[in-house]
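Novice: What would the 3D arrangement of this be:
(chains A, B, C and D)
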Protein chains: 4
Amino acid sequence: MSYAKQMLDTHPQTFELDAQLLVEAIDALQDCAQACTACADACLGEDGVADLVRCIRLDLDCADVCAATAKVMTRQTAYAPPISRALVEAARTACATCAAECEQHAGHHEHCRVCAGACRRAEQACSRLLVAMGA
Amino acid sequence: MSYAKQMLDTHPQTFELDAQLLVEAIDALQDCAQACTACADACLGEDGVADLVRCIRLDLDCADVCAATAKVMTRQTAYAPPISRALVEAARTACATCAAECEQHAGHHEHCRVCAGACRRAEQACSRLLVAMGA
Amino acid sequence: MSYAKQMLDTHPQTFELDAQLLVEAIDALQDCAQACTACADACLGEDGVADLVRCIRLDLDCADVCAATAKVMTRQTAYAPPISRALVEAARTACATCAAECEQHAGHHEHCRVCAGACRRAEQACSRLLVAMGA
Amino acid sequence: MSYAKQMLDTHPQTFELDAQLLVEAIDALQDCAQACTACADACLGEDGVADLVRCIRLDLDCADVCAATAKVMTRQTAYAPPISRALVEAARTACATCAAECEQHAGHHEHCRVCAGACRRAEQACSRLLVAMGA
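Specialist: Prediction:
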């Protein structure tokens, strides 16, 4: 069981969002942040780094946005819907953009293939959360 | 001269956005992140912390969103407009929400008054950037 | 299989540290960052928030230090031992300090009990890594 | 006047550290984080990116460590000396290592020259803080 789930289960307050959707989104966002940080570094370690400049940049952006979104969505006390909605929208955009870039390198670089999968999973979790938020 | 400006002046690539607007936004977002981190801590140190729970939560959110946005907007290589637009929109929302909360405590707590000012300045810098981005 | 492991398995370069130890540390640090962010928020949502001020502060510190350490340890390209060693040492200290505080509230608050466990696991993973680093 | 200073001036609690030293360190750490984030991106935008791989990696590490250290040192409520000491030590190491790398490229790249200056200033502010902490 993930720590996101264990911690939500022990939170003193009731949530406005479905706990299962929330846990899936937080876990997927953190996995994506981890994969993107690692993919940026793996790209930097490739001989053909010059061909991976856009991929590195989008990995760094996606890692920053996903990490911030996971933190904001983890907070349940005094929940502020407009911030969450706008930020999950930004995370969905970052994940979709980074996934599309990584997919172009997936045939040559396994790290891009794995990272693209993490981005797509986070993109979908964000989409489901946005539906639940009525966005 | 801020480091955001010094570093943009020495960047090897041309920018799609006006450098002055960009510098103002990055500086304002970083100031806001700093003020919010400090305001959350100052609220936590107040005798009446129980009355400041929503303020602390929004300070933490706003700090996370502004710090991520400043990093993404600092990057000029392989610029990705949709991510920037969605994220600056999220930052504007976070700043406006946090400012409104801090303004309610500004009469009692100087740190909330200063923090509200930083949030409003960042909100306005984000608004100007969104206009320039055609959002 | 965690993304830290999947991404290390696909990295183009050889590592100076044992990959298994590294994966355990990165996973434990990220779990700890997640648990601490959630515990700070859960404490903030408790009626007795005034008694949990030190716990919230240490949770926030521990989350920041663990997240930064996980990112630095994820990078394998052009590995810089002195930075890693000093930072893992700081993470071990933050985890031990936060665990000791959360353990004092574990009888009353389940979120503190779960968080203390995550902190102790990360503390131990850091200790093992420091031994492997010859620190 | 920096926001670090304005916010410390309005904090409800007394500090264990000299406020002036603290403000200088927080400001220098944030400037360094900003310069390193921008320098990593500028290096990524250079034609000779393959020669700047170690610089990019150290810029990313230094930005992560400095940003986390600035946040921890900004918190004055329930101050925890051992965490601060270990983390400022890690930041000093990161700044010194990154400065030494950027200095090697300073003749060819203005962004590396500016970034090296920011790193040295943060390194020195950390050193002064460590003396004041009795470390």
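Novice: going forward, measure contacts between C-alpha atoms and count neighbours the same way
Specialist: Fine.
Novice: Three-state assignment for A:Ala78, please.
Specialist: With DSSP: H, G, I helix; E, B strand; the rest coil as the basis, A:Ala78 sits in coil.
Novice: Just the element for the closest residue to it other than its chain neighbours, please.
Specialist: The spatial neighbour of A:Ala78 that comes closest, neighbours along the chain excluded (CA to CA, 6 or more residues apart in numbering or on different chains), is B:Arg54 at 5.5 Å. Using DSSP states H and E, B:Arg54 falls within helix B:53-74.
Novice: Who are the packing partners of that helix?
Specialist: Secondary-structure packing of helix B:53-74 (3 or more CA pairs under 8 Å, 6 or more residues apart in numbering or on different chains; DSSP states H and E): helix A:53-74, helix B:19-44, helix B:81-105, helix D:19-44.
Novice: in stretch A:105-114, what's buried?
Specialist: Of all the residues in stretch A:105-114, those buried under the rule 16 or more other CA atoms under 10 Å in any protein chain shown are A:His105, A:Ala106, A:His109, A:Glu110, A:His111, A:Cys112, A:Arg113, A:Val114.
Novice: Likewise for stretch A:81-91?
Specialist: The neighbour-count check on stretch A:81-91 (16+ other CA under 10 Å) flags A:Ile83, A:Ser84, A:Arg85, A:Ala86, A:Leu87, A:Val88, A:Glu89, A:Ala90, A:Ala91 as buried.
Novice: How about the residues of chain A by chain C?
Specialist: Residues of chain A lying close to chain C by CA under 8 Å from any CA of the partner chain are A:2-4, A:6-8, A:10-13, A:31, A:34-35, A:37-39, A:41-42, A:44-46, A:71, A:74-77, A:109-111, A:114-115.
Novice: Up against chain B, what does chain A have?
Specialist: A:53-54, A:57-58, A:61, A:64-65, A:68-69, A:71-72, A:75, A:77-78, A:80, A:82-83, A:86-87, A:89-90, A:93-94, A:97.
Novice: Write the ChimeraX selection for whichever of these are buried.
Specialist: To isolate the buried members of the residues of chain A next to chain B in ChimeraX, using 16+ other CA under 10 Å:
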select /A:53,54,57,58,61,64,65,68,69,71,72,75,77,78,80,83,86,87,89,90,93,94,97
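Novice: Could you report the pLDDT at A:His111?
Specialist: pLDDT, A:His111: 98.
Novice: that older thread, take the helices and strands packed on helix B:53-74 and lay them out in a markdown table including mean pLDDT.
Specialist: Below are those laid out as a markdown table (pLDDT from 0 to 100):
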| stretch | mean pLDDT |
| --- | --- |
| helix A:53-74 | 98 |
| helix B:19-44 | 97 |
| helix B:81-105 | 98 |
| helix D:19-44 | 97 |
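Novice: residues touching the closest residue to A:Leu130 other than its chain neighbours, list them.
Specialist: Distances taken as CA to CA, 6+ apart place A:Arg85 nearest to A:Leu130, at 6.7 Å, with adjacent residues excluded. Neighbouring residues of A:Arg85 by CA atoms under 8 Å, 6 or more residues apart in numbering or on different chains: A:Leu130, A:Met133, A:Ala135.
Novice: Give me the lowest-pLDDT entry from the residues you listed.
Specialist: Scoring those by pLDDT puts A:Ala135 last, at 77.
Novice: follow-up on the earlier one: make sure the residue nearest to A:Ala78 is actually in contact with A:Ala80.
Specialist: No - in this structure, B:Arg54 is not within contact of A:Ala80 by CA atoms under 8 Å, at 9.3 Å.
Novice: who's in contact with the nearest residue to A:Glu46 once chain neighbours are set aside?
Specialist: Excluding the flanking residues, the one nearest A:Glu46 by CA to CA, 6+ apart is C:Pro12, at 6.3 Å. Listed by CA under 8 Å, 6+ apart, the contact set of C:Pro12 reads A:Ala42, A:Gly45, A:Glu46.
Novice: circling back: please check the residues of chain A next to chain C and keep the buried ones.
Specialist: A:3-4, A:6-8, A:10-12, A:31, A:34-35, A:37-39, A:41-42, A:44-46, A:71, A:74-77, A:109-111, A:114-115.
Novice: which ones are touching the residue nearest to A:Ala40 when sequence neighbours are not counted?
Specialist: Leaving aside its chain neighbours, A:Ala40 sits nearest to A:Ile56 (4.6 Å; criterion: CA to CA, 6+ apart). Shown in contact with A:Ile56 (CA under 8 Å, 6+ apart): A:Cys39, A:Ala40, A:Asp41, A:Cys43, A:Leu44.
Novice: quick check, nearest of the residues you listed to D:Glu123?
Specialist: A:Asp41 (24.9 Å; CA to CA).
Novice: Against C:Cys115, how distant is that closest one?
Specialist: Distance of A:Asp41 to C:Cys115, computed by CA to CA, to the nearest Å: 30 Å.
Novice: Then A:Ala40?
Specialist: From A:Ala40 over to C:Cys115 (counting by CA to CA), the distance is 30 Å.
Novice: which residues touch the most centrally placed residue in chain A?
Specialist: Closest to where the C-alpha atoms of chain A average out (CA atoms, centre = their mean) is A:Leu29, at 3.0 Å. When contacts are counted by CA under 8 Å, 6+ apart, A:Leu29 touches A:Cys66, A:Ala67, A:Thr69, A:Ala70, A:Ala122.
Novice: what's stretch A:89-102 in contact with?
Specialist: A:54-55, A:58-59, A:61-62, A:65-66, A:69, A:112-113, A:115-117, A:119-120, A:122-124, A:126-127, A:130, B:82-83, B:86-87, B:90.
Novice: For A:Gly107, grab phi and psi.
Specialist: phi -70, psi -30 (degrees, to the nearest 10).
Novice: Which of the contacts of A:Arg85 ranks first by neighbour count?
Specialist: Each of these was scored for neighbours by other CA atoms under 10 Å in any protein chain shown, and A:Leu130 scores highest at 17 neighbours.
Novice: nearest spatial neighbour of the residue of chain A most remote from its centre, skipping sequence neighbours?
Specialist: Distance from the centre of chain A peaks at A:Asp47, with 27.5 Å (CA atoms, centre = their mean). Among residues not flanking A:Asp47 along the chain, D:Ala50 sits closest, at 8.0 Å (CA to CA, 6+ apart).
Novice: Distance check, that neighbour against chain B.
Specialist: 15 Å (CA to the nearest CA, to the nearest Å).
Novice: Look at that residue and give its secondary structure.
Specialist: Per three-state DSSP, D:Ala50 ends up helix.
Novice: Kindly report the same for A:His11.
Specialist: Applying three-state DSSP: A:His11 is coil.
Novice: ok, it touching C:His111?
Specialist: Yes - shown here, A:His11 and C:His111 form a contact pair, counting by CA under 8 Å, at 6.6 Å.
Novice: what do the two both touch?
Specialist: C:Ala42.
Novice: List the residues that contact A:Cys32.
Specialist: A:Cys32 touches A:Cys62, A:Ala63, A:Cys66, A:Cys115, A:Ala118, A:Cys119, A:Ala122, counting by CA under 8 Å, 6+ apart.
Novice: Does A:Ala4 belong to a helix, a strand or coil?
Specialist: helix.
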